[in-house]
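1. Please find the sequence and the predicted model below.
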Amino acid sequence: MTTPSQFAQYLPVLLLAVVAVGFTAGMLLFSVLLGVKARRNPVKDTAYECGMRPEGPGSARFSVKFYLVAMLFILFDIEVVFLYPWAVVYKEMLAENAGLIFGSMLSFMGILFVGYFYALKKRAFDWGSST
């Protein structure tokens with residue numbers, strides 16, 4: 001049995017990409033050609049806000065503290081996700097080499113707590129502070 005050329009192996013992927021681009025371009029073209037042309041005016045183009053006229057900026061600015069706390073939450077949440085598989089297979093690993101397993105988890109938790117205490121020291125979790 002002969003092996004197909006490298007181009008023949010990628011031909012289905014190329015064909016799929018051509019069909020996807022063609023379908024998308026066709027839908028956009030048909031919507032422009034067949035779509036109903038409506039008259040546009042400034043009243044129709046304004047944003048709808050519960051029947052009220054929109055006033056002021058579209059969205060309020062968030063403090064950098066919000067994003068900092070969000071990133072710290074994600075960081076510590078991911079750390080807990082890494083703890084779960086370790087806890088599931090802990091008994092099996094304990095039979096093989098208990099000291100190494102426990103020591104590695106203590107070092108992992110130590111690094112985690114160093115980061116946590118650093119964030120506390122920098123007052124990253126204080127919502128009321130302005131710095």
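-> Sure thing, it's come through. Numbering: from 1, shown residues only.
2. what's the nearest residue to Phe102 if we skip its chain neighbours?
-> Distance criterion Cβ to Cβ, 6 or more residues apart in numbering; nearest residue to Phe102, sequence neighbours excluded, is Leu94 at 8.0 Å. Quick note: C-beta positions are derived from backbone N, CA and C, even for glycine.
3. What's the first helix or strand after the helix or strand encompassing that neighbour?
-> Following DSSP states H and E, one finds Leu94 within helix 90-96. Sequence order places helix 98-121 as the next helix or strand after helix 90-96, per DSSP H and E.
4. And the contacts of the lowest-mean-pLDDT helix or strand in the chain?
-> When the helices and strands of the chain are scored by mean pLDDT, DSSP states H and E, helix 42-45 comes last with a mean of 73. Residues outside helix 42-45 that contact it (Cβ atoms under 8 Å, 6 or more residues apart in numbering): none are found.
5. Tell me which residues of stretch 68-88 come out buried.
-> Val69 (16 or more other Cβ atoms under 10 Å).
6. Give me the residues contacting it.
-> For stretch 68-88, the external contacting residues (Cβ under 8 Å, 6+ apart) are 105, 108, 112, 115-116, 119, 124-125, 127.
7. Quick one: low-confidence residue ranges for this protein.
-> 1-2, 38, 49, 51-54, 56-58, 127-131 (pLDDT under 70).
8. Swap in 50 and give it another go.
-> 131 (pLDDT under 50).
9. Report the residue ranges of every domain in it.
-> 6-37, 64-121 (automatic domain parsing).
10. Can you say which of those is packed in most?
-> domain 64-121 (a mean of 11; mean count of other Cβ atoms under 10 Å).
11. Spatially central residue for this structure, please.
-> Ile74 (10.4 Å; Cα atoms, centre = their mean).
12. Output the contacting helices and strands for the top helix by length along the chain.
-> For the chain, the longest helix by residue count, based on DSSP state H, is helix 6-34. Where contact means 3 or more Cβ pairs under 8 Å, 6 or more residues apart in numbering; DSSP states H and E, helix 6-34 is not packed against any helix or strand.
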